[in-house]
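Asker: 3D, please:
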Amino acid sequence: MHAGPEHLFQQAQERFARQDYRGAVLLLEEALEAGHAFADVHHLLGLCYSLLGQGESAMPHFDRALALNPRYLEAHVHRGILLSDAGRTAEAEDAFRQAAVSADGPPAAGLPTHIAGRLANQHAELGDAYADAGALDRAIDQYRDALALGPGFADLRYRLARLLLESGRTLEAREELERVVEDQPDFLDAFAVLGLARYLSGDAAGARDVWHTCLERRPGHARVSAYLAMMHRGVE
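Answerer: Just a heads-up that it's a prediction; the model follows:
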């Protein structure tokens with residue numbers, strides 16, 4: 001039995017805490033392959049690569065974490081440190097300025113931005129715990145609370161959509177995914193799942209369009225290829 005992506009991330013965090021950065025990298029890469037392409041996964045993967053002295057491999061993951069969550073304070077800071085070590089002083093200073101803006105940004109839900117972001121992630125962690133226990137409705141409620149605190153966190157909205165799909169609430173999932181891909185047009189995993197949400201809600205043509213677009217942008221995308229094969233079997 002293969003470990004789920006959430007469990008892989010938890011294992012990676014444990015490896016990181018033991019300073020087993022190579023072991024954490026293997027688990028995080030596996031989590032990404034399984035569709036767990038969230039800001040916290042990319043950030044931790046970038047940090048592992050950085051600590052292993054592989055700055056060129058780390059930077060794209062910090063960039064991706066910030067694309068998914070532009071107010072990810074730690075990602076700004078660690079990106080700035082990496083840039084500073086590479087002698088890219090002006091870019092490093094800009095990264096640190098962005099970190100300061102993230103820490104002192106406008107209030108969210110009546111709270112300072114950095115506190116709201118931390119609480120949003122804690123709601124998401126509790127949501128994952130409920131999901132692992134099979135309490136999907138409670139997990140969804142926690143993710144709704146998380147997004148009330150961090151409405152721009154595309155990775156959390158994507159997780160919510162996945163939970164909604166698991167609960168059979170396909171139209172709600174589709175609505176959330178449409179918003180994710182509108183905000184994050186490079187989030188191909190979200191596009192892939194949007195196709196599934198369209199298919200399950202009765203829009204086979206819309207699903208096919210989304211999946212073909214995914215394959216044009218990432219040929220050989222395993223999950224999308226599987227979805228299209230599933231669709232073709234259903235037509236035959």
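Asker: can you show me the strands along this protein?
Answerer: Secondary structure of the chain (DSSP state E): no strands located.
Asker: confidence-wise, which helix or strand of it is lowest on average?
Answerer: Taking mean pLDDT, DSSP states H and E as the measure, the chain has helix 222-235 as its least confident helix or strand, at a mean of 77.
Asker: mind giving me the packing neighbours of that helix?
Answerer: Packing partners of helix 222-235 (3 or more Cβ pairs under 8 Å, 6 or more residues apart in numbering; DSSP states H and E): helix 188-200, helix 204-217. The way it works is simple: take the backbone N, C-alpha and C, and place the C-beta from them, glycine included.
Asker: nearest to L126, out of those helices?
Answerer: For L126, the closest of the helices and strands packed on helix 222-235 is helix 188-200, at 22.3 Å, according to Cβ to Cβ.
Asker: what is the mean pLDDT for that closest one?
Answerer: The average pLDDT for helix 188-200 rounds to 90.
Asker: what packs against that helix?
Answerer: Using 3+ Cβ pairs under 8 Å, 6+ apart: helix 188-200 touches helix 154-166, helix 170-183, helix 204-217, helix 222-235.
Asker: angle of it against helix 204-217?
Answerer: 160 degrees (axes from the mean of the first three to the mean of the last three Cα atoms, to 10 degrees).
Asker: buried ones in the helix of greatest length in the chain?
Answerer: Secondary structure of the chain read by DSSP state H shows that its longest helix is helix 113-132. Going by neighbour count (16 or more other Cβ atoms under 10 Å), the buried part of helix 113-132 is 113-114, 116-117, 119-121, 123-124, 126-128, 130-131.
Asker: follow-up on the earlier one: deepest-packed of the helices and strands packed on helix 188-200, please.
Answerer: helix 154-166 (a mean of 24; mean count of other Cβ atoms under 10 Å).
Asker: returning to what we had before: closest to F38 among the buried residues of helix 113-132?
Answerer: Using Cβ to Cβ, those come closest to F38 at A124, 9.0 Å.
Asker: returning to that earlier point: could you dump the buried residues of helix 113-132 into TSV and include distance to Q13 and pLDDT?
Answerer: Output for the buried residues of helix 113-132, formatted as TSV (distance: Cβ to Cβ, whole Å; pLDDT from 0 to 100):
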residue	distance to Q13	pLDDT
T113	24	72
H114	21	71
A116	22	81
G117	18	80
L119	19	89
A120	18	88
N121	13	85
H123	18	93
A124	14	90
L126	16	93
G127	17	93
D128	12	89
Y130	19	93
A131	17	91
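Asker: just to revisit the earlier point, report all helices and strands that the longest helix of the chain contacts.
Answerer: For helix 113-132, the contact count by 3+ Cβ pairs under 8 Å, 6+ apart identifies helix 5-17, helix 89-104, helix 136-149, helix 154-166 as packing neighbours.
Asker: now do the contacts for the most centrally placed residue in the chain.
Answerer: Against the mean C-alpha coordinate of the chain, by Cα atoms, centre = their mean, the closest residue is F38 at 1.7 Å. F38 is in contact with 68, 155-156, 158-159, counting by Cβ atoms under 8 Å, 6 or more residues apart in numbering.
Asker: so for it, what's the pLDDT?
Answerer: Looking at F38, the pLDDT reads 83.
Asker: the one 4 residues further on now?
Answerer: Listed pLDDT for H42 reads 93.
Asker: D132 against E125, yeah?
Answerer: No. In this structure D132 lies outside contact range of E125 using Cβ atoms under 8 Å: 10.7 Å.
Asker: hang on, isn't R79 packed against P60?
Answerer: No. The pair R79 / P60 is not scored as a contact, 10.6 Å apart, by Cβ under 8 Å.
Asker: now distance to G23 too, for the helices and strands packed on helix 188-200, in JSON lines please.
Answerer: Below are those laid out as JSON lines (distance: least, Cβ to Cβ, whole Å):
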{"stretch": "helix 154-166", "distance to G23": "23"}
{"stretch": "helix 170-183", "distance to G23": "31"}
{"stretch": "helix 204-217", "distance to G23": "31"}
{"stretch": "helix 222-235", "distance to G23": "24"}
